[in-house]
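Engineer: Pasting the sequence and the predicted coordinates here, then a few questions.
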Amino acid sequence: MTHMLDYTHQEQWQNGFGTQQSPIEIKTLAAVKMTGALQFKTTSRYQLQKEIDDQTTIRLPGNGQAEIFGRPFAFQQVHFHAPSEHVIDGKHDPLEVHLVHQNAIGQLAVVALMVQVGAADPVFQQIITSFHAGTTASTNSQIDQWLPDRPVGFHYLGSLTTPPLTEGVEWLVVTNPKVTISETQLDWFKQQFRFDNRQVQALNGRKVERYS
């Protein structure tokens, strides 16, 4: 049985790792400008299979394939943080969606979608509607439509943002997703999970790339 994460006492989380922790505060002007868009594209549909209340967020495992900076990755699961974990130029976004991927040798890459409040999203609504606290349900949603054709944003090396806080995770922070959620949807999520964002961690000289 995993213990529920206590976001109010994050300093007590076990972290035997080093100096490349996530999330971070991203300063656009300090990031290294690269040419072109973020190199991320799906090569097969992202199909969600289950909906799990893991007590700090909703986690939806599924399958799908992607190419990230020219390398093949398999989609593992999606989950949500409100407000956003990454801070861009001093600001949190209302919601951050984490698409977790793994490659053949076990390296993790997380594509983070920085989501604004706007029109309600039908898939997110479906997730809300079929949510039952404390249970796991089957689902068959698809989320490819959340991804922009030409993703822009930031790329850096960090860690998982929940224990075991493992480092060596490649992050793509996408600032132009094709999904918005309504104020009502955001309020619902916050009522269920209060807040589930880890505090920003020291950059410690890491390079952050910017793709625009």
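Structural biologist: Structure's in. What do you need?
Engineer: quick one, what contacts residue 202?
Structural biologist: Residues in contact with residue 202, defined by CB atoms under 8 Å, 6 or more residues apart in numbering, are 19, 21, 24. C-beta: built from backbone N, CA, C; applies to glycine.
Engineer: Let me see the backbone angles for it.
Structural biologist: phi -60, psi 140 (degrees, to the nearest 10).
Engineer: For the chain, which helix extends over the most residues?
Structural biologist: helix 183-193 (DSSP state H).
Engineer: List the buried residues in that helix.
Structural biologist: Buried residues in helix 183-193, counting neighbours by 16 or more other CB atoms under 10 Å, are found at 185-186, 188-189, 192-193.
Engineer: List of residues touching the lowest-mean-pLDDT helix or strand in the chain?
Structural biologist: Of all helical and strand segments in the chain, the minimum by mean pLDDT, DSSP states H and E falls on strand 136-138, at a mean of 92. Contacts to strand 136-138, defined as CB under 8 Å, 6+ apart, come from residues 49-53, 130-131.
Engineer: Kindly report the same for stretch 143-152.
Structural biologist: Residues outside stretch 143-152 that contact it (CB under 8 Å, 6+ apart) are 37-38, 40, 42, 45-46, 48, 64, 78, 97, 99, 111, 113, 121, 123, 172, 174-179, 211-212.
Engineer: buried set for that stretch?
Structural biologist: 143, 146-148, 151.
Engineer: can you redo those as JSON lines with pLDDT and secondary structure?
Structural biologist: Shown next, in JSON lines, are those (pLDDT from 0 to 100; DSSP: H, G, I helix; E, B strand; the rest coil):
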{"residue": "143", "pLDDT": "96", "secondary structure": "coil"}
{"residue": "146", "pLDDT": "97", "secondary structure": "helix"}
{"residue": "147", "pLDDT": "97", "secondary structure": "coil"}
{"residue": "148", "pLDDT": "97", "secondary structure": "coil"}
{"residue": "151", "pLDDT": "98", "secondary structure": "coil"}
